[in-house]
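In: Sequence first, then the predicted structure, then my questions.
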Amino acid sequence: MTKPIVAIPCDFRQFEGSNWHAVPHQYVRAAVEGAGAMALLVPALEDGNDAEALLDRVDGLLVSGARSNVHPSLYGREASEQDGPFDPARDATSLPLIRAALKRGMPVLAICRGIQELNVALGGSLANDIQDQPGIWDHRHPEHPDSDVKYAIRQSVSVKEGSCLARVLGAGEIQVNSLHRQAISKLAPSLAVEALADDGTVEAVSVIDAKGFAVGVQWHPEYWVGTDSPSGQIFSAFGEALNAYVAGRKQASISA
Ligand SMILES: N[C@@H](CCC(=O)NCCCC(=O)O)C(=O)O
């Protein structure tokens with residue numbers, strides 16, 4: 001069977017004095033090794049991307065994490081200095097892709113910034129610097145040069161009974177990593193909470209009545225996909241959904 005192709009929207013970044021379209025390798029590796037797919041990186045453009053044309057050529061969408069934050073104007077708020085850094089090109093690329101992929105029933109896995117984009121794309125809002133709120137932990141990564149330390153598994157989340165994730169991981173407590181200072185505030189109407197941290201932070205969602213796999217997680221299953229069981233199970237389930245989508249497309253083209 002031909003490998004499914006997963007679109008991954010890039011960040012618009014500046015390295016070595018020039019502008020780059022970039023995705024951290026861990027997401028590409030997880031798509032390839034965890035989901036058995038090929039990764040297609042989508043340039044982050046404020047204008048010029050055609051979501052429908054792109055989705056006609058891929059089989060799924062993987063929306064990665066990023067240091068930048070979704071611009072508050074996209075969920076009806078004024079932006080302040082503290083809300084940054086921003087990446088408007090990433091916003092302009094990701095949000096239309098998320099909406100269009102969900103409309104087609106294409107598998108979507110949204111991670112960290114990705115779950116935040118999923119929520120905003122569907123009409124929800126975000127809270128900034130959640131660690132400053134009473135009773136909320138510090139979900140940010142430890143400042144450390146070693147990525148394995150930054151992405152260390154160090155937090156419990158509880159997967160809800162009867163959720164999509166429960167069908168993949170089983171309901172109950174799992175251990176995850178945590179590298180974020182924003183989180184879902186107003187939940188988009190078409191999203192269901194799938195997992196919560198002990199401090200009440202939304203850690204996973206799914207799209208209600210989605211035609212296919214449509215899950216967002218606030219943690220980073222991509223990083224330990226090869227060694228951490230829940231991480232591997234999430235990407236394996238994503239891969240199964242991708243293959244089912246490919247088979248469905250083939251069947252539709254035969255019947256047409
Ligand atoms: N900016 C958002 C999303 C955080 C996120 O995606 N983190 C992964 C990258 C971590 C890093 O390299 O710093 C937030 O802070 O909530």
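Out: Done, it's in.

In: Is residue 206 bridged to anything, and to what?
Out: residue 192, residue 215 (DSSP bridges).

In: and the closest residue to the ligand within the stretch 1-150 of the chain, what is it in contact with?
Out: Shortest the stretch 1-150 of the chain-to-the ligand distance, computed as Cβ to the nearest ligand atom: residue-wise this is residue 65, at 2.8 Å. No exception for glycine: its C-beta is placed from N, CA and C like everyone else's. If a contact means Cβ atoms under 8 Å, 6 or more residues apart in numbering, then residue 65 has 24, 27, 111, 112, 113, 114, 179, 180, 220 as its contacts.

In: Next step: those residues restricted to strands.
Out: Within these, membership in strands is found for residue 111, as judged by DSSP state E.

In: near the ligand too, which of the contacts of residue 65?
Out: 112, 113, 179, 180 (Cβ under 6 Å from any ligand atom).

In: Chain neighbours aside, what residue packs nearest to the second one?
Out: By the measure of Cβ to Cβ, 6 or more residues apart in numbering, the closest residue to residue 113 outside its immediate chain neighbours is residue 66, 4.5 Å from it.

In: The third one now?
Out: The spatial neighbour of residue 179 that comes closest, neighbours along the chain excluded (Cβ to Cβ, 6+ apart), is residue 141 at 3.9 Å.

In: And the helices in the stretch 101-250 of the chain, which stretches?
Out: Taking DSSP state H, counting those that start in this stretch as the criterion, the stretch 101-250 of the chain carries its helices at 113-121, 147-150, 164-169, 229-255.

In: got TSV for those, with mean neighbour count and mean pLDDT too?
Out: Formatted as TSV, these follow (neighbours: other Cβ atoms under 10 Å; pLDDT from 0 to 100):
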stretch	mean neighbour count	mean pLDDT
helix 113-121	27	99
helix 147-150	12	98
helix 164-169	18	97
helix 229-255	17	95
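
In: closest to residue 191 out of the ones you listed?
Out: With distances scored as Cβ to Cβ, the stretch of those nearest to residue 191 is helix 113-121 (6.3 Å).

In: Centre-most residue in the chain?
Out: Central residue check for the chain by Cα atoms, centre = their mean: the C-alpha nearest the mean position is that of residue 110, 1.7 Å away.

In: who's in contact with that residue?
Out: Per Cβ under 8 Å, 6+ apart, neighbours of residue 110: 63, 98, 117, 118, 215, 216, 217.

In: In this structure the residue nearest to residue 113 contacts residue 89, no?
Out: No - in this structure, residue 66 sits apart from residue 89 without contact. The criterion is Cβ atoms under 8 Å, and the distance is 11.3 Å.

In: Neighbour count: those two, which is higher?
Out: Taking neighbours as other Cβ atoms under 10 Å, residue 66 and residue 89 compare with residue 66 leading, 26 against 23.

In: so where is the stretch 51-200 of the chain shaky, pLDDT-wise?
Out: The model of the stretch 51-200 of the chain has no residue with pLDDT under 70.

In: which parts of it sit against the ligand?
Out: Applying Cβ under 6 Å from any ligand atom, one finds that the stretch 51-200 of the chain approaches the ligand through 65, 66, 67, 68, 69, 112, 113, 179, 180, 181, 182.

In: Please pick the buried ones from those residues.
Out: Restricting those to buried positions leaves 65, 66, 68, 69, 112, 113, 179, 180, 181, 182, with burial counted as 16 or more other Cβ atoms under 10 Å.

In: quick one: contacts for the third one?
Out: Shown in contact with residue 68 (Cβ under 8 Å, 6+ apart): 11, 84, 85, 86, 87, 90, 113.
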